[in-house]
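**Student:** Please find the sequence and the predicted model below.
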Amino acid sequence: MKLSSLILGGVVAVAVIAVLMAVLGVSFHTPTSLQGAALYDPSKEIKVQGTVTGVEEFDCPVSEGELGVHLTLKTTDGTFQVHLAPSRILQGQRLAFVAGDQVQVLGSQVRVNGKKGIIVRELVRGRDSYIFRDPAGNLLMVQ
Ligand SMILES: [Zn+2]
């Protein structure tokens, strides 16, 4: 009897947490309904290279509403907003970018907030290369 009420209590607690998460999720809502890896379209992959002209952090659907790091990348094909990964992950990896960095980016084209962008799968800077996502767009880096 006590055990069953304990289990029931656990189920109720899980349900309450699920509802809370759903409610909190709504506050992160952006015009696009897709988030994270769902935004990654392997058929839209491109490779560009250019110069980083700015680094920006903002809440982004690519990072599932989390604060994400973005590069403004000037290339011969125009300027792209490059979506890297959630800020906490880059901090955990001690990975930072600055204006003036020369980088090569492979990733899926995406449009967020009306800006032409790329979700990075692989990035090369100098002799270093970084794998951010698998071919399906799932984030490989961990905190
Ligand atoms: Zn982003």
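**Tutor:** Nice, thanks for sending it over.
**Student:** Enumerate every residue touching the nearest residue in space to residue 102 that is not next to it in sequence.
**Tutor:** Excluding its sequence neighbours, the residue lying closest to residue 102 (C-beta to C-beta, 6 or more residues apart in numbering) is residue 51, at 5.8 Å. Where C-beta positions appear, they are placed from N, C-alpha and C, glycine not excepted. Residue 51 makes contact with 73, 74, 100, 101, 102, 103, according to C-beta atoms under 8 Å, 6 or more residues apart in numbering.
**Student:** Just grab the bridge partners of the last one for me.
**Tutor:** Each beta-bridge partner of residue 103 is listed here: residue 50, residue 125, as defined by DSSP bridges.
**Student:** Just list the residues touching it, thanks.
**Tutor:** Neighbours of residue 103 in contact, by C-beta under 8 Å, 6+ apart: 49, 50, 51, 52, 71, 73, 97, 123, 124, 125.
**Student:** distance of residue 112 from the ion?
**Tutor:** The gap separating residue 112 from the ion is 6 Å, by C-beta to the ion, to the nearest Å.
**Student:** for that residue, which residues make a bridge with it?
**Tutor:** residue 115.
**Student:** Check whether it really touches residue 58, as I assumed.
**Tutor:** No - the criterion here is C-beta atoms under 8 Å, and residue 112 misses it with residue 58 at 9.7 Å.
**Student:** okay, now residue 34: neighbour count?
**Tutor:** Neighbour count of residue 34, defined by other C-beta atoms under 10 Å: 13.
**Student:** Find me the pLDDT at the residue nearest to residue 102, would you?
**Tutor:** Note on residue 51: pLDDT of 98.
**Student:** In the protein, what helix or strand scores lowest on average pLDDT?
**Tutor:** Of all helical and strand segments in the chain, the minimum by mean pLDDT, DSSP states H and E falls on helix 2-27, at a mean of 58.
**Student:** ok, now which ones touch residue 50?
**Tutor:** Counting by C-beta under 8 Å, 6+ apart, residue 50 has contacts 73, 74, 75, 76, 80, 102, 103.
**Student:** Just give the nearest non-adjacent residue to the third one, would you?
**Tutor:** Nearest residue to residue 75 in three dimensions, chain neighbours excluded: residue 50, at 3.4 Å (C-beta to C-beta, 6+ apart).
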